[in-house]
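1. Below is the sequence, then the predicted model.
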Amino acid sequence: MTMSKNLNQLYESGEKESLKGHFRNLVVLAQSDGMVSQVESDLLERFAKKLALSWDEVERIVRHEDNYPLILPVEREERLERFIEFVQLLVEDGNVAEAETFLAIKFGIELGFTREEIEEVYETILVGCMNDEEPELIIEKLA
């Protein structure tokens with residue numbers, strides 16, 4: 001029983017670190033155009049809540065982003081969901097800067113997609129996010 005409890009805690013700890021790494025990437029993306037707009041800040045706050053991060057955790061991630069590496073999800077759908085979240089952040093302020101697009105594509109590659117795969121799905125994801133479509137609907141379109 002104790003061993004099972006320890007394995008569960010280890011799994012939960014690894015999952016939490018993965019979520020922190022994901023949030024860190026969202027923060028870096030929001031900052032990529034030199035400033036974080038109020039709209040982007042609000043979206044980051046929503047993502048933090050969705051990822052069950054406390055305010056203290058968010059502040060630590062923002063101040064010490066290098067301490068939170070990206071831990072890749074295994075499942076393609078989860079990687080797509082994370083990429084969609086990057087793109088949602090891009091379009092949230094209504095202005096998609098070239099640096100933001102470059103960084104989102106770079107993160108897509110870091111998520112384990114090839115450049116060709118990202119280039120293939122990026123336009124569909126971008127249009128879906130601009131139309132406020134749910135990630136599940138965007139993923140269905142990509143299937």
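-> Yes, it's here. Quick caveat: nothing in here was measured; it's all calculated off a predicted structure.
2. Over to stretch 47-59 now: how far is its first residue from its last?
-> One end of stretch 47-59 sits 14 Å from the other (C-alpha to C-alpha, to the nearest Å).
3. buried ones in that stretch?
-> Judged by neighbour count (16 or more other C-beta atoms under 10 Å), stretch 47-59 contains these buried residues: 47-48, 51, 53, 57-58. For glycine as for every other residue, the C-beta is placed from the backbone atoms N, C-alpha and C.
4. pLDDT and secondary structure for those - can I get that in a markdown table?
-> Putting the buried residues of stretch 47-59 into a markdown table (pLDDT from 0 to 100; DSSP: H, G, I helix; E, B strand; the rest coil) gives the following:
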| residue | pLDDT | secondary structure |
| --- | --- | --- |
| Phe47 | 81 | helix |
| Ala48 | 89 | helix |
| Leu51 | 81 | coil |
| Leu53 | 89 | coil |
| Glu57 | 91 | helix |
| Val58 | 90 | helix |
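5. and which of the residues you listed is nearest Glu100?
-> Lowest distance from Glu100 to the buried residues of stretch 47-59 (C-beta to C-beta) belongs to Phe47, with 15.8 Å.
6. That closest one against Glu85, yeah?
-> Yes - if you go by C-beta atoms under 8 Å, Phe47 and Glu85 touch, sitting 6.5 Å apart.
7. now the closest residue to Asp93 other than its chain neighbours: how far from Val87?
-> Of all residues beyond its chain neighbours, the one nearest Asp93 is Ser37 (4.3 Å), with distances taken as C-beta to C-beta, 6 or more residues apart in numbering. According to C-beta to C-beta, to the nearest Å, Ser37 and Val87 sit 16 Å apart.
8. Could you do Glu119 as well?
-> Distance of Glu119 to Val87, computed by C-beta to C-beta: 13 Å.
9. Appreciated, that's everything.
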